[in-house]
Every structure is written in C-alpha cells, then in structure tokens.
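> Generate a structure from the sequence data that follows.
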Amino acid sequence: MAKYKETIDLYDDAGKQLKSGVSLEKISPLVNPATRKLIDLTKRTIAVNLGGIQESLKTGKVAKGYVLGREMNLDIVANKDAVIAKIKEMVQVEEGDNTNIREFGGGKLILVEAPSARLEAASTYDAAITSVAAAATYAIVEQFNIGAFDAAMVKAAVWGSYPHTMDLSGANVTSILSIPQNNEGLGYALRNIPVNHAVMMTKRNAMQGAALSSTFEQAGMFEMGNAIGPFERAQLLTYAYQGLNANNLVYDLVKKNGATGTIGTVVQSLVERGIEDKVITPGKKGGYFQFYDTKDPMLWNAYAAAGTMAATIVNCGAGRFAQAVSATLLYFNDLLEHETGLPSTDYGRVMGTAVGFSFFSHSIYGGGGPGIFNGNHVVTRHANGVAIPCVVAAAALDAGTQMFSPESTSKVYGDTFGQVDVFSKPIQQIAQGV
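Numbers count the residues shown, from 1 in each chain. As a prediction, this is how the structure comes out:
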C-alpha cells in the first residue's frame, strides 16, 4: 500500500515524460534503488590521478610545494596495468566482491570503487579514500622498487600534505565527499559537496546538475533527521518538483518565460499554474490586494521551490552569469510573497539564505563565487535542500564570469565521476528506479 495518496509524473530535462503515476515515496532516497546506488557510489568511489602522481614526482611538486632534489622520473602511466592490478588486489576484501576500477584518459585517471565491506566495517566513509590512497602508494612503491628513503615522496604525491594538514591538501586521490571533520553538524556530509563538482559531473546541464544536487541535498535532509513524520512528505515534494521536474513544472515555467521573461513573469506564471492545479485559491481581498489560500502548504512550498528553480534558469540563463543567483533566490521569493500573501520557498528561509549568500559570494566581502559554495557552508546551509540546487543550475549556465570556474576547481570530477550515468544523468536513472 502506498504511503502517500498523491502521485507524480516524472519528466526529463527535455520535457519528455519518463514515468507517470509515480507514488511519492518511490523517489525517496530510502526507497529508490538508483538514488541509493548514487549515494553508495558517492561514499565508495575514489578518483586516482595516476598522470598527476607521475607529474608531481617528476617535478618534485608534492602536497603544497616543491621538494627540490627529490624528483623521481617514474613512468607510472606506461605501467598502469600493473599498478591498477596491484591496487585492486590490495583494496578488495575478497575475490569477486564489488571492488571495481574504471580507466579514463588512457589510464591517466582511474576511478576505484572500494568494496562495501570496507565501509560496513568502518565508522565513517573515510575507509574508501584511505584504503585507495594507501594501495596506490604501495602499488607504485612495489612496482618501481622504491627504497625506504624515497617512498615518502610517493606517499606525498598520492596523499598530499596529510597528516600535516587535516585534509588531503594537494593530493592526487579525490572523493566527492569532504572529510568528516569539515561537516558542520550531524548529517551534513552529502550537503558538503561544492556546486562546481555537481556542474562538472553533469556536463554543465542545468537541470541534470540541479537534480544531482537536489538528490545530495535531500538525502542530507533524511540523514540529519529533517524528514521524519509529516516532514518527510514536505521534503519529498520539494525534491520531486524542484529537483526531478515532477509534472514538468520547472520545464514548463522555463519554456513559457525563457525567450522574453523575467523573474517577475515567472512569479506570474507560477501563480497561474498554482490556481490551475488547484494548489492555491483566491481568498479574501484587502483593498486592491488579492490574498490567496492553500489547503496544502507543503505542496505550495514545492511549487514555490520549482518556481525558484525556473526563475534562476530564466534569469541566470539570459545573462549567462552565475552571480545573479543570490538576487534571484531573494527577489523571486520576495515578489511571490507580495503577490500571494503566502509563504515563499522553505517558509522564508531561502530569502534569508540569499541575503547572506549575496554578501559572501560577491559583495563587499567577495570571498568567492557561487560555484565554490555548498549546503554545508555557514551562509548557505539554512534552506532545507532547496537553495543549492538553484546555484548549481546557475553555475552550469555561467559563461565564464566566475573567479572560480567549474573547469578550474572540479575538472577531475567531470573526467571521472561524470562518465558514470548515475552521476551524469540522475533524472533518467531515478525515473528508471521507480
């Protein structure tokens, strides 16, 4: 028996229907097999830059600086088959388990899926990156018969400056997830993924990037206890309509306003759609002002979230700039409250997030562009999974206006994780999973 009475239709990023009559709980991170696979691979998969290790050793540039006189000329890429075989042998727990290694760029990059047993026997997801980093280090040491006095350079080329720094700064092993010590509270790991990573993993496709980011963010909501009891439906609705283009709402709003529209016309279109779908109804009048009512605040919140996404795509897409996303998050929702008298997205928290976000991303402070933020950041953490996906869409549409472009911060994620369908095409994969 379905947990929720309502059903949704799922559409892709081209407005094509993928599945109809889907029970709401079928998209839950706890239920949908594609989402669970995505999260599982996020925890288990580590990118190893064999070409980067080779170059680091050749130039002596390891961790955060150069170690002159300790350069090593090892042809690791030419010996990649032997190195990969050794890594797999050491990382796997038993023959035939779900350890898997993929090669990219002629073996310069590899993607190692650590076996589930390692994470099941661990308290955190650290076990994936530490086992792969250690295996990569020893595989190179063994393959090239490196002596005790030179092995430290190989270790530094792989691990970066760890343990002199808390994280693996300058490392040639990479995880989607940051180290647990950087998570600013319980359940924030999946929200601590920079916007630019999602942009590159989905090949700069705004709606796919938003879907991937929304999946991480909403899975984070479940992990931190925000989706318990009646709140589960609230989170699933925002995930469905904003992240997965349920009932083609985001696509329709963008299509209607894409050519000549503005943030204000998206507000108008959303209100019209809300009335048409009987999500909101005209209420009392106060002078010239028409108030609206809703019997389902959670569904209205999901519509508002979808409208925020559409407004972001319309506005930031028109200008091809990511910097306008904070203003869009703020003023779309401000206009929506003034137009309807109803709460805006996440009951005002998106507006609150946007105010701080605009200051920190490009105002007087100007610490960094939108692409390097994440849902774990002190400025952008407050909205419940519905702000960061919009930032991903904006950064995907950006034409190079950011100080920190996706290509400069996250290219390796596109070259590795972006070649895996569950990361690059989450909309289709999740729809298949229902």
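> show me what contacts the closest residue to residue 34 other than its chain neighbours?
With sequence-adjacent residues excluded and distances taken as C-beta to C-beta, 6 or more residues apart in numbering, residue 34 is closest to residue 433, at 3.3 Å. Bear in mind the C-beta positions are built from the backbone N, C-alpha and C, glycine included. Applying C-beta atoms under 8 Å, 6 or more residues apart in numbering, we find residue 433 in contact with 26, 32, 33, 34, 35.
> any chance of those in a markdown table, plus neighbour count and pLDDT?
Formatted as a markdown table, the contacts of residue 433 follow (neighbours: other C-beta atoms under 10 Å; pLDDT from 0 to 100):
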| residue | neighbour count | pLDDT |
| --- | --- | --- |
| 26 | 22 | 97 |
| 32 | 21 | 98 |
| 33 | 13 | 97 |
| 34 | 19 | 97 |
| 35 | 24 | 98 |
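> residue boundaries of the helices in the stretch 1-150 of the chain?
For the stretch 1-150 of the chain, the helices defined by DSSP state H, counting those that start in this stretch occupy 33-44, 50-59, 80-91, 116-120, 126-143.
> on that earlier part again, I'd like the contacts of residue 433 written out as a markdown table, with distance to residue 169 added.
Output for the contacts of residue 433, formatted as a markdown table (distance: C-beta to C-beta, whole Å):
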| residue | distance to residue 169 |
| --- | --- |
| 26 | 41 |
| 32 | 35 |
| 33 | 36 |
| 34 | 33 |
| 35 | 31 |
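> Which of the residues you listed sits closest to residue 195?
Minimum distance to residue 195 across the contacts of residue 433 is 19.8 Å, recorded for residue 35 (C-beta to C-beta).
> what separates that closest one from residue 185, distance-wise?
Taking C-beta to C-beta, to the nearest Å as the measure, residue 35 falls 22 Å from residue 185.
> can you check residue 105 too?
For residue 105, the distance to residue 185 (C-beta to C-beta) stands at 37 Å.
> Ok, residue 219 next?
Distance from residue 219 to residue 185, by C-beta to C-beta: 15 Å.
> what's the answer for residue 14, then?
Distance of residue 14 to residue 185, computed by C-beta to C-beta: 37 Å.
> Residue 38 now?
22 Å.
> The two: which is more packed in?
residue 38 (23 against 10; other C-beta atoms under 10 Å).
> Which residue is the nearest non-sequential neighbour of the more buried one?
That would be residue 422: by C-beta to C-beta, 6+ apart, it lies 4.8 Å from residue 38.
> what sits against that neighbour?
34, 37, 38, 41, 429.
> would TSV of those residues with distance to residue 403 be doable?
Listed next are the contacts of residue 422 as TSV, based on distance: C-beta to C-beta, whole Å:
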residue	distance to residue 403
34	35
37	35
38	30
41	31
429	33
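> Can you name the element that comes right after the top helix by length along the chain?
If you go by DSSP state H, the chain has its longest helix at helix 297-319. The first helix or strand that comes after helix 297-319 along the chain, using DSSP states H and E, is helix 325-340.
> what mean pLDDT would you report for whatever helix or strand comes next after that next one?
Following helix 325-340 in sequence order, the next helix or strand is helix 349-362 (DSSP H and E). Helix 349-362 carries an average pLDDT of 88.
> Determine the set of other helices and strands touching the longest helix of the chain.
Counting contacts by 3 or more C-beta pairs under 8 Å, 6 or more residues apart in numbering; DSSP states H and E, helix 297-319 packs against helix 206-223, helix 230-238, helix 249-257, helix 263-276, helix 325-340, helix 388-397.
> winner for burial among these?
helix 388-397 (a mean of 32; mean count of other C-beta atoms under 10 Å).
> Give me the mean pLDDT for that one.
The average pLDDT within helix 388-397 is 98.
> That helix vs helix 206-223, what angle?
Taking axes from the mean of the first three to the mean of the last three C-alpha atoms, to 10 degrees, one finds helix 388-397 and helix 206-223 inclined to each other by 160 degrees.
> Packing partners of helix 388-397?
The contact analysis (3+ C-beta pairs under 8 Å, 6+ apart) places helix 388-397 against helix 195-201, helix 206-223, helix 297-319, helix 325-340.
> and it, how far out from the chain's middle?
Centroid separation between helix 388-397 and its chain, computed with C-alpha atoms, centre = their mean, to the nearest Å, is 10 Å.
> just checking, next helix/strand downstream of it?
With DSSP H and E, the next secondary element past helix 388-397 is helix 406-415.
> Render the CA-only coordinates of the helix or strand following that next one in PDB, please.
Sequence-wise, the next helix or strand downstream of helix 406-415 (DSSP H and E) is helix 421-424. Below are the C-alpha coordinates for helix 421-424, written out as PDB (Å, rounded to 0.1, in the frame of the first residue of the first chain):
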ATOM      1  CA  ASP A 421      25.400   7.500 -15.800                       C
ATOM      2  CA  VAL A 422      24.100   7.600 -12.200                       C
ATOM      3  CA  PHE A 423      26.000  10.900 -11.700                       C
ATOM      4  CA  SER A 424      25.700  12.400 -15.100                       C
END
